[in-house]
Structure formats: structure tokens, C-alpha cells
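> with the input below, show me the fold.
(one chain, ligands or ions: 1)
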Amino acid sequence: MANTKLIVANWKMNPETLEEAKAIVGEVSKKSKKFKSAKIVLCPPFIYLSEVERMVSSHKNISLGAQDIFIGEGASHTGEISPEMLKSTGTKYIIVGHSEKRALQDTDEIVHEKLFGALKNNFKVILCVGEKERGDHAGQYHEMKGQLESAFFKLPKNLIKNVIIAYEPVWAIGKSEKEAMKPEELHEMAIFIKKIASDVLGAKYVEKLQILYGGSVTKNNAKEIIEKGNVNGLLVGRESLKTENFLELIAEL
Ligand code: PGA
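Residues are numbered from 1 along each chain as shown. Now for the predicted structure:
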């Protein structure tokens, strides 16, 4: 199944009601059974995790993901959700370091802690990285190197297999499909990410490292981004909530 693409649906703070969430999951679950080339990870808000899991638990192509994880220990943390709670809902994947969390409070150090915490608790982690801007001076490579080195610092080798990198240039998130990153530029960045990962972690540990792209992916650009961009899958925001489009996107791959 080396060619299977990983398609992560990042619902962010959507939809507004459980009924709407169930409608999306019902459709995706029913119509995605025939897709052989993609594995889907649905990442709803915490509050919908249990219900989504109930609907997809027997579905071979769909897994459950959470959008964040708490880093510390103990239970006296108002408003937080622990790794144990996430496990009890059937969550298998955790998104860490999304740029919208980085913009609020998640520094490189916090992202590192969350990555380790999630891995120690046997989750697969979708580690989001991406430069804020793209100028003429290759500053994006410097920024990416910093984010990756900080996240991977002293990462135990046995945990590397559960890390997936989602490269999401911040300037390409939430834009029109034409403003998504050009696949040729993505190809270069994917090579760079593999090189940094290999320098920090060791070449043999990153041979199978999966890299996803996120940022204004739609049914119209998904296939080209994957094919020419040298990536193993996609992190899809808005388009993952438009059920018909999302299913078409996957069917195209
Ligand atoms: P978008 O979001 O697909 O709506 O641009 C992607 C993301 O933020 O993960």
C-alpha cells in the first residue's frame, strides 16, 4: 500500500452543531468505502470526537484525529484535555503545532513538548510546520530548519515512525485555490524537509517519513499538488467540510 495517500481533514472550530458533524461523517463514511488509494483522518473539535468515532469505528479507511493535546501531567488543568481522555475516545492521531495554535500560544518549545507527549502516549502525530512569509531571500528555509530542529531535538529513535510532517506555509492557508503553493516549489521544500530530518534524526530513520501539504487545497488542485509536489498526502481545511468536494478530491487521487 506504498501508494496510499494520507488525507487529513482539519475541521478546525467547525461545524456549529453535532447534527451537522454527523451529517458530514455519515456521507464521508458511506461514500469513501470504495476509495482504495487514500486513508482518511477526520479531526473534528474535541466535543465531537466520541460521536465521530462511534460512526467510523468499523470503517477501514477512516481514523480519528484530535486537533491538539495537553502537555503536562495531573488533572488540575481547567479547560484542558488529557492524552488519556483522547485515547478513551478512540483517537489515533494528534495534530501538533498548527499555525493557528502557534499564533495563539504554541512556541517551538511547546510544540516540542506536545510532540513528545503525544508520541509517548502512542499517538501518531501530525507535526505542522511552515514559514509565515515567502520573500526573495530564502528565509523560509531558515525558518523551517529552526522549527524542525526544535521539534525533533533528542527525539527517541523508536518514536520517529509515528511522526508525520504537515508542511503548511502560513501564507497559503485560508486563501483561494490559485494561491496554494506551486507544486514545483513544494517539491523543493519536501526535499529540504527530508534533508533536515535526516541530518537531525539519521537517514535510515527518515526513509519512510511521510510529508503532507496543507494550505488552500481543493478538489481542483489536490491531485497535481500530490503528484508534482513530492508529498504523501494532504491536510485539508475548508474543503474537508464541503462533503461533496471532499469526496471528489479523494476520488481524484
Ligand atoms: P485550508 O486550511 O485548507 O482552509 O487553507 C488548511 C489548514 O489550516 O490546515
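> what segments of this protein are strands?
5-10, 38-43, 62-66, 93-96, 124-129, 163-167, 210-214, 233-236 (DSSP state E).
> wait, which of those strands is closest to Lys30?
Nearest to Lys30, of all the strands of the chain, is strand 62-66, at 10.9 Å by Cβ to Cβ. For every residue, glycine as well, the C-beta is placed using N, CA and C.
> on that earlier part again, export the strands of the chain to TSV and tack on mean pLDDT and distance to the ligand?
Shown next, in TSV, are the strands of the chain (pLDDT from 0 to 100; distance: least, Cβ to the nearest ligand atom, whole Å):
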stretch	mean pLDDT	distance to the ligand
strand 5-10	98	4
strand 38-43	97	9
strand 62-66	98	12
strand 93-96	98	8
strand 124-129	98	7
strand 163-167	98	7
strand 210-214	98	4
strand 233-236	98	5
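> and the ones you listed as a markdown table, adding mean neighbour count?
Below are the strands of the chain laid out as a markdown table (neighbours: other Cβ atoms under 10 Å):
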| stretch | mean neighbour count |
| --- | --- |
| strand 5-10 | 24 |
| strand 38-43 | 24 |
| strand 62-66 | 23 |
| strand 93-96 | 26 |
| strand 124-129 | 26 |
| strand 163-167 | 25 |
| strand 210-214 | 24 |
| strand 233-236 | 27 |
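> which residues are in contact with Pro83?
Pro83 is in contact with 69-70, 117-118, 121, 123, counting by Cβ atoms under 8 Å, 6 or more residues apart in numbering.
> pull the most distant pair out of these.
The largest separation in those, counting by Cβ to Cβ, is between Phe70 and Phe123 at 12.4 Å.
> residues in contact with the residue of the stretch 101-250 of the chain at minimum distance from the ligand?
Using Cβ to the nearest ligand atom, the closest approach of the stretch 101-250 of the chain to the ligand is made by Gly237 at 2.2 Å. Residues near Gly237 by Cβ under 8 Å, 6+ apart: 10, 12, 173-174, 214, 217.
> can you pick out the most distant pair from those?
Pairwise distances across these (Cβ to Cβ) peak at 14.0 Å, for the pair Lys12 and Val217.
> of these two, who's got more company?
Ranked by neighbour count (other Cβ atoms under 10 Å), Lys12 and Val217 place Val217 first, with 27 against 16.
> now do the contacts for that one.
Counting by Cβ under 8 Å, 6+ apart, Val217 makes contact with 177, 180, 225, 234-237, 239, 249.
> around the ligand, pick out the residues from the stretch 1-150 of the chain.
Within the stretch 1-150 of the chain, the residues that sit near the ligand (Cβ under 6 Å from any ligand atom) are Asn10.
> follow-up on the earlier one: out of the contacts of Pro83, who has the most neighbours?
With neighbours set by other Cβ under 10 Å, the maximum within the contacts of Pro83 is found at Ala118, which has 29 neighbours.
> now for that residue: which residues touch it?
Shown in contact with Ala118 (Cβ under 8 Å, 6+ apart): 69, 83, 94, 96, 125.
> would you put the C-alpha positions of stretch 186-202 in PDB?
Coordinates of each C-alpha in stretch 186-202 appear next as PDB, following Å, rounded to 0.1, in the frame of the first residue of the first chain:
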ATOM      1  CA  LEU A 186       6.600  22.300  -2.800                       C
ATOM      2  CA  HIS A 187       8.800  19.600  -4.400                       C
ATOM      3  CA  GLU A 188      11.900  21.600  -3.400                       C
ATOM      4  CA  MET A 189      10.600  22.200   0.200                       C
ATOM      5  CA  ALA A 190       9.800  18.500   0.600                       C
ATOM      6  CA  ILE A 191      13.300  17.600  -0.300                       C
ATOM      7  CA  PHE A 192      14.600  20.200   2.100                       C
ATOM      8  CA  ILE A 193      12.400  18.800   5.000                       C
ATOM      9  CA  LYS A 194      13.700  15.300   4.400                       C
ATOM     10  CA  LYS A 195      17.300  16.600   4.400                       C
ATOM     11  CA  ILE A 196      16.900  18.400   7.700                       C
ATOM     12  CA  ALA A 197      15.000  15.400   9.200                       C
ATOM     13  CA  SER A 198      17.800  13.100   8.000                       C
ATOM     14  CA  ASP A 199      20.500  15.400   9.500                       C
ATOM     15  CA  VAL A 200      18.800  15.600  12.900                       C
ATOM     16  CA  LEU A 201      17.400  12.100  13.200                       C
ATOM     17  CA  GLY A 202      19.600   9.900  11.000                       C
END
